[in-house]
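[1] generate coordinates for the sequence data below:
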Amino acid sequence: RKYDHSALTKFQDLQHAGLAARASHEADLTARAGRQDYETTCVMLYTSGTTGRPKGVVLSNRNVIETSKNSSEIDDLRAGDEILAYLPMAWVGDFIFSIGKAYWTGFCVNCPESPDTMHHDLREIGPTYYFAPPRVFENQLTNVMIRMEDAGRFKQWLFHHFMAHAKKVGPDILDGNEVSFGDRLKYRLGELMVYGPLKNTLGFSRVRVGYTAGEAIGPEIFDFYRSLGINLKQLYGQTEACVFITQQPDGEVRSDTVGVASPGVELKIAESGEVFYRSPGVFVEYFKNADSTADTKDAEGWVATGDAGFIEEGSGHLRIIDRAKDVGKMADGSLFAPKYVENKLKFFPNILEAVVFGNGRDRCAAFINIDLTAVGNWAERNNIAYASYQELAGHPQVLATIQGHVEEVNASVAQDPMLAGCQIHRFLVLHKQLDADDGELTRTLKVRRRIIEEKYADLIAALYDGSNTVSTETEVTYEDGRKGAIKATLELRDVAVQVPVKLAAE
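    The predicted structure follows:
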């Protein structure tokens, strides 16, 4: 309604004008097409800069076409599918999903009207094929839990009762496994009362295939969406691979792995534990950066991912433990994999971000960022006044709640003998949110661990020297680019740890 209609041209008129001019341009277009082949550069896309400065990744037509073909076929994507193109256009995920695969399959690409209307547009369009990074699914789950806390007692009981049943049988029903008639009947009732309305609210009513990638998603979050009947899968990929390294075929979807090698992809694990791959999607080169190209891709086409993992015998599923440079050893020799614990912490709606430390040390400690939306909603319901994020983050009841969450995670981590040494012994809630403008996160919201370790060295030291409180001053960048400083005195808390399952059994 805000367009100047006098300046608009009907789409049909534009099409007719193009057809009328076709003859005069056909020779030039044919010549242009003739200069293209499989090895011609298709696009250059940049890495996110998690491990250093972003690099320009040069991708050929072969890379994009073969990857789009193979990844579309494994999920049976069709011309009748619908996708929502809302991610940054310069990111490889959006390019492959919204351009490469769209051209291969012919499905419909829908663009939201604006960032502010994205969720409304998602519900209106009802995509059948959907991709989002873990942070999007985490935020949606947080909003659901906040709304349920504001609901009446009967609605809360209904939600929790049927969600408990969905968690029990939902994934099996989705995968076509055997489930009793009574459980199926109760699940159908839950679909009518809870799951269906919830999926409609989220915009997921028609999702046939959903993917998440970019960073590991917490298993509890992953299982929540699959229990609703949403066919959410994990994939593992990189800009250098044209996204796809592994995928999860239907019937082989698990929260603890990233699936099997995508069609055309070969995998191998180095002695160091680092994952390597090669495929038709492997990039040509880093733009004007021959040294980095040689460091990443060898003469045989094998690419170093920078991630540590292993391939399960029998199933062929790949399990990613963490970034290879982040995986280490505790002082007693046990495995240290911080991302594994961080993802479990971020399942709780009250926790937005977590950073775990412990490499080379005798125990683990953590920084926590609270979710201002979730915790602020709790404060309002309980008539707790606060003037800033810093004030709310230091509230005794907030600290007690976060401590309970950390202890729950410790109990869960203790169930895995290989990673039980990663239980958190002490934590603090940061006085500010980690921010890309301050260099603490990438623009795709991945933690820059080394920068955080350097910037908050005083806080880390306090976590390990037994201090109960620590005073600090931190430089921040405001939205207008000005620099400032935040001063705070933080409380450090000890956390109960559990005896690992294997030791308890012995």
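[2] can we go C-alpha only for contacts and neighbour counts from here?
    OK.
[3] quick check: phi and psi on residue 90?
    Residue 90 adopts backbone torsions of phi -80, psi 0, taken as degrees, to the nearest 10.
[4] cool, and residue 261?
    According to degrees, to the nearest 10, residue 261 has phi -60, psi 130.
[5] quickly list what it is bridged to.
    Assessed by DSSP bridges, residue 261 has beta-bridge partners residue 246.
[6] mind listing what's buried in stretch 152-163?
    Buried positions in stretch 152-163, judged by neighbour count with 16 or more other CA atoms under 10 Å: 159, 162, 163.
[7] can you get me a residue count around the closest residue to the second one other than its chain neighbours?
    Think residue 162. Excluding its sequence neighbours, the residue lying closest to residue 162 (CA to CA, 6 or more residues apart in numbering) is residue 190, at 5.6 Å. Counted with other CA atoms under 10 Å, the neighbours of residue 190 add up to 21.
[8] ok, longest helix in the protein?
    Longest helix in the chain, counting residues (DSSP state H): helix 153-175.
[9] nearest to residue 384, of the buried residues of stretch 152-163?
    residue 159 (26.5 Å; CA to CA).
[10] wait, the closest one sits on residue 194?
    Yes. Under the criterion of CA atoms under 8 Å, residue 159 makes contact with residue 194 at 6.4 Å.
[11] where in this protein is pLDDT low?
    Across the chain, the ranges flagged by pLDDT under 70 are 1, 49-52, 444, 501-506.
[12] who's in contact with residue 142?
    Residue 142 is in contact with 348, 349, 350, 374, counting by CA atoms under 8 Å, 6 or more residues apart in numbering.
[13] nearest spatial neighbour of the most centrally placed residue in the chain, chain-adjacent residues omitted?
    Centroid check for the chain by CA atoms, centre = their mean gives residue 134 as the closest residue, at 2.6 Å. With CA to CA, 6+ apart as the criterion, residue 134 has its nearest non-adjacent residue at 5.3 Å, and that residue is residue 217.
[14] ok, that neighbour to residue 135 distance?
    According to CA to CA, to the nearest Å, residue 217 and residue 135 sit 8 Å apart.
[15] and what of residue 106?
    29 Å.
[16] same for the longest helix of the chain, what does it pack against?
    Other helices and strands packing on helix 153-175, by 3 or more CA pairs under 8 Å, 6 or more residues apart in numbering; DSSP states H and E, are helix 134-150, helix 181-190, helix 219-227.
[17] excluding residues flanking it in the chain, which one is nearest residue 130?
    Nearest residue to residue 130, sequence neighbours excluded (CA to CA, 6+ apart): residue 210, at 4.7 Å.
[18] where does that neighbour land in three-state SS?
    Three-state assignment for residue 210 (DSSP: H, G, I helix; E, B strand; the rest coil): strand.
[19] and what of residue 470?
    strand.
[20] ok, the contacts of residue 142 vs residue 2, which is closest?
    Of those, the one sitting nearest to residue 2 (CA to CA) turns out to be residue 374, at 35.5 Å.
[21] and the closest residue to the closest one other than its chain neighbours, how close does it get to residue 411?
    Of all residues not flanking residue 374 in the chain, residue 350 sits nearest, at 5.6 Å (CA to CA, 6+ apart). Per CA to CA, residue 350 is found 18 Å from residue 411.
[22] between those two, which one's more packed in?
    Using other CA under 10 Å as the criterion, residue 350 and residue 411 rank with residue 350 on top: 25 against 18.
[23] for residue 106 and residue 135, indicate the residue with more neighbours.
    Neighbours per residue (other CA under 10 Å) separate residue 106 from residue 135, with residue 135 holding more: 21 against 16.
[24] quick check: end-to-end length of stretch 283-290?
    13 Å.
[25] repeat that for stretch 244-257.
    As for stretch 244-257, its first-to-last residue distance stands at 15 Å under the measure CA to CA.
[26] what comes into contact with it?
    Stretch 244-257 has contacts (CA under 8 Å, 6+ apart) with 67, 71, 74-75, 175-176, 218-219, 222-223, 233-238, 258-262, 265, 277, 281, 317-320.
[27] how about a cut-off of 7 Å?
    For stretch 244-257, contacts defined as CA atoms under 7 Å, 6 or more residues apart in numbering pick out 74, 175, 219, 222-223, 233-238, 258-262, 265, 317-320.
[28] how far does that stretch sit from its chain's centre?
    Centroid separation for stretch 244-257 versus its chain: 15 Å, with CA atoms, centre = their mean, to the nearest Å.
[29] quick one: buried residues of that stretch?
    Buried-residue list, stretch 244-257, by 16+ other CA under 10 Å: 244, 245, 246, 247, 248, 253, 254, 255, 256, 257.
[30] next: stretch 122-134.
    122, 123, 125, 126, 127, 128, 129, 130, 131, 132, 133, 134.
[31] state the distance from residue 20 to residue 13.
    11 Å.
[32] what about residue 78, how many residues nearby?
    17.
[33] cool, residue 186 as well?
    Residues near residue 186, counting by other CA under 10 Å, number 15.
[34] show me how far the host helix or strand of residue 403 is from its chain's centre.
    Taking DSSP states H and E as the definition, residue 403 sits inside helix 396-413. Relative to the chain's own centre, helix 396-413 is displaced by 23 Å; criterion: CA atoms, centre = their mean.
[35] beta partners for residue 485?
    Per DSSP bridges, the residues bridged to residue 485 are residue 475.
[36] let me see the contact set for it.
    For residue 485, the contact set (CA under 7 Å, 6+ apart) comprises 473, 474, 475, 476.
[37] and with 6 Å instead?
    The neighbours of residue 485, taking CA atoms under 6 Å, 6 or more residues apart in numbering as the test, are 474, 475, 476.
[38] same check, this time on residue 296
    Listed by CA under 6 Å, 6+ apart, the contact set of residue 296 reads 303, 304.
[39] got the phi and psi for it?
    phi -90, psi -40.
[40] what of residue 353?
    phi -150, psi 150.
[41] and the residue lying closest to it once chain neighbours are set aside, how many neighbours does it have?
    In space, and not counting its chain neighbours, residue 353 is closest to residue 369: 5.0 Å by CA to CA, 6+ apart. Neighbourhood size, residue 369 [other CA under 10 Å]: 22.
[42] neighbours around residue 276, how many?
    Applying other CA under 10 Å, we find 22 residues neighbouring residue 276.
[43] same deal with the one 5 residues further on?
    By the measure other CA under 10 Å, the count of residues near residue 281 is 26.
[44] what's the closest non-adjacent residue to it?
    Closest residue to residue 281 apart from its sequence neighbours, by CA to CA, 6+ apart: residue 63 at 4.0 Å.
[45] repeat that for residue 137.
    Closest to residue 137 by CA to CA, 6+ apart is residue 221, at 7.6 Å.
[46] now residue 330
    Once flanking residues are discounted, residue 330 sits nearest to residue 360: 4.7 Å by CA to CA, 6+ apart.
[47] what about that neighbour, how many residues close to it?
    15.
[48] ok, now the one 4 residues further on?
    Here the number of neighbours of residue 364 (other CA under 10 Å) works out to 22.
[49] ok, back up a step: the residue nearest to residue 137: neighbouring residues, count only.
    Residues near residue 221, counting by other CA under 10 Å: 19.
[50] now do the same contact list for residue 435.
    Residue 435 makes contact with residue 441, according to CA under 6 Å, 6+ apart.
[51] got phi/psi on it?
    Note on residue 435: its backbone torsions stand at phi -140, psi 140 [degrees, to the nearest 10].
[52] surely residue 106 and residue 81 touch.
    No. In this structure residue 106 lies outside contact range of residue 81 using CA atoms under 6 Å: 8.4 Å.
[53] find the nearest non-adjacent residue to residue 148, please.
    Per CA to CA, 6+ apart, closest to residue 148 is residue 156, 6.1 Å.
[54] alright, that wraps it up for me.
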